[in-house]
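[1] need coordinates for the following:
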Amino acid sequence: MFENIGWVEILIIVVAGLFILGPERLPSAAAWVGRTIRQVRDYATGARDQLKQEMGPEFEQLRKPLEDLRELRNFNPKQAITKHLWDDQPAEKPNGYPTTGGAPSPAIPDRGADRPLQRGERPPYDPDAT
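    Model prediction:
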């Protein structure tokens, strides 16, 4: 819930609350906020459990697109490209060896054919890339 709030922000909120509410009312206000957050969390959990019971297996079908949307929030283009390009290969350890054992395989294909073009030489043409 408070993923984006750091310790500095929490400290600022506490100091502001200390000045606004005073030291005698701050503990009771903090307890009220804690109870309210816990109550809202319990309501949300109860609503989710009730939906799950009433909808049955249809709830999972509804939940899958919502999880996909949540993944979009944490979208990292580099990870997405790596996942889709190398998805069919076994996961590798940092030392280049696959986790399933066997001979080491490079993470990036060898591009020994890449060389600078000679003067007057035409670049290779790939109709699928255009």
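[2] just give the number of residues close to M55.
    Neighbours of M55 under the rule other C-beta atoms under 10 Å: 13. To be clear about C-beta, it is placed using only N, CA and C from the backbone, and glycine gets the same treatment.
[3] got it, and P77?
    7.
[4] can you check D128 too?
    Around D128 there are 4 residues (other C-beta under 10 Å).
[5] swap in A29?
    Counted with other C-beta under 10 Å, residues neighbouring A29 total 13.
[6] against F19, how distant is it?
    A29 is 13 Å from F19, where distance means C-beta to C-beta, to the nearest Å.
[7] sec struct for G120, please.
    coil (DSSP: H, G, I helix; E, B strand; the rest coil).
[8] the one 3 residues further on too?
    For P123, the secondary-structure state derived from three-state DSSP is coil.
[9] grab the nearest non-local neighbour of it.
    L117 (6.2 Å; C-beta to C-beta, 6 or more residues apart in numbering).
[10] the one you found is in what secondary structure piece?
    Here L117, judged by DSSP states H and E, is contained in no helix and no strand.
[11] quick one, phi/psi of it?
    phi -70, psi 140 (degrees, to the nearest 10).
[12] tell me how far it lies from D128.
    21 Å.
[13] and the next element down the chain from the longest helix along the chain?
    Counting by DSSP state H, the longest helix found in the chain is helix 26-55. Later in the chain than helix 26-55, the nearest helix or strand by DSSP H and E is helix 57-73.
[14] can you list the buried residues in that following helix?
    Residues of helix 57-73 classed as buried by neighbour count (16 or more other C-beta atoms under 10 Å): none.
[15] send me the helix or strand following that helix as CSV with only the CA atoms.
    For helix 57-73, the succeeding helix or strand toward the C-terminus, using DSSP H and E, is helix 77-85. Extracted as CSV, the C-alpha positions of helix 77-85 are listed here (Å, rounded to 0.1, in the frame of the first residue of the first chain):
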residue,chain,number,x,y,z
PRO,A,77,10.8,-2.9,-22.0
LYS,A,78,14.2,-4.6,-21.6
GLN,A,79,12.8,-7.5,-19.5
ALA,A,80,9.8,-7.9,-21.9
ILE,A,81,12.0,-8.1,-25.0
THR,A,82,14.4,-10.5,-23.3
LYS,A,83,11.5,-12.7,-22.1
HIS,A,84,9.9,-12.9,-25.5
LEU,A,85,13.2,-13.4,-27.4
